[in-house]
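**Student:** Show me how the following folds:
(one chain, ligands or ions: 1)
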Amino acid sequence: MSFRIGHGYDIHRLVPDRPFILGGVEIPSSCGFLGHSDGDVLAHAVIDALLGAAGLNDIGTHFPDTDERWRGASGELLVRSTLELLQGYRIVHLDTTVITEQPRLGPHRDAIRTALAGMLDLDVDSVNFKAKTNEGCGPIGEGVAAASHAVVLLEDVRGSAMEHDRWL
Ligand code: MG
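**Tutor:** This next block holds a predicted model:
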């Protein structure tokens, strides 16, 4: 068995009159994410973790913000489009963290986790979601931006399929 690990990171500015969407879940908030797409910082970090594990560069390579096709694109659409690039890999586990001062994410943790699992076609116990504040420090602590990290483990099943074929 062969496994590959990937890490993703993203940060978006928070501005008034934009939706605050994490993993496809819209959360009531006075500010939301500035972005070419819907600014789903969590989905974008997950995409970079998946692409990183597969050795497929990064989100900007596949979904450039200069491409009108992706204007306003939901995080879920981008995640599902990324899955199509991952033929031959199985997601073993995904762990995620969002860092924001506001809004408080604790009450939405289960909804976000379930939504992430759904868009990745995974069981909920294969996905984790954590929320932190930045303890008032820096731009995230001042509420100017929010960030996300994601780490994913993929199993490379391309080799095992070839191995299997050789013995047929
Ligand atoms: Mg982004």
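**Student:** C-alpha from now on. contacts and neighbour counts both.
**Tutor:** Fine.
**Student:** As a check, name the ranges of all helices in the chain.
**Tutor:** 41-54, 59-62, 75-83, 109-119, 138-141, 158-166 (DSSP state H).
**Student:** and the nearest residue to L154 once chain neighbours are set aside, what pLDDT?
**Tutor:** Distances taken as C-alpha to C-alpha, 6 or more residues apart in numbering place I91 nearest to L154, at 4.6 Å, with adjacent residues excluded. Looking at I91, its pLDDT stands at 98.
**Student:** Could you number the chain from 8 rather than 1 from now on?
**Tutor:** Happy to do that; since the first residue is 8 now, the last one works out to I98.
**Student:** S37: which of the helices of the chain is closest?
**Tutor:** S37 sits nearest to helix 145-148 of all the helices of the chain, at 15.2 Å, using C-alpha to C-alpha.
**Student:** Which other helices and strands does that closest one contact?
**Tutor:** strand 152-163 (3 or more C-alpha pairs under 8 Å, 6 or more residues apart in numbering; DSSP states H and E).
**Student:** Output the contacting helices and strands for the strand it packs on.
**Tutor:** Looks like strand 152-163 contacts strand 9-23, helix 48-61, strand 96-106, helix 145-148 (3+ C-alpha pairs under 8 Å, 6+ apart).
**Student:** what's the spacing between the spatially closest residue to E142 that is not a sequence neighbour and R120?
**Tutor:** Distances taken as C-alpha to C-alpha, 6+ apart place G148 nearest to E142, at 6.0 Å, with adjacent residues excluded. Distance, G148 to R120, using C-alpha to C-alpha, to the nearest Å: 24 Å.
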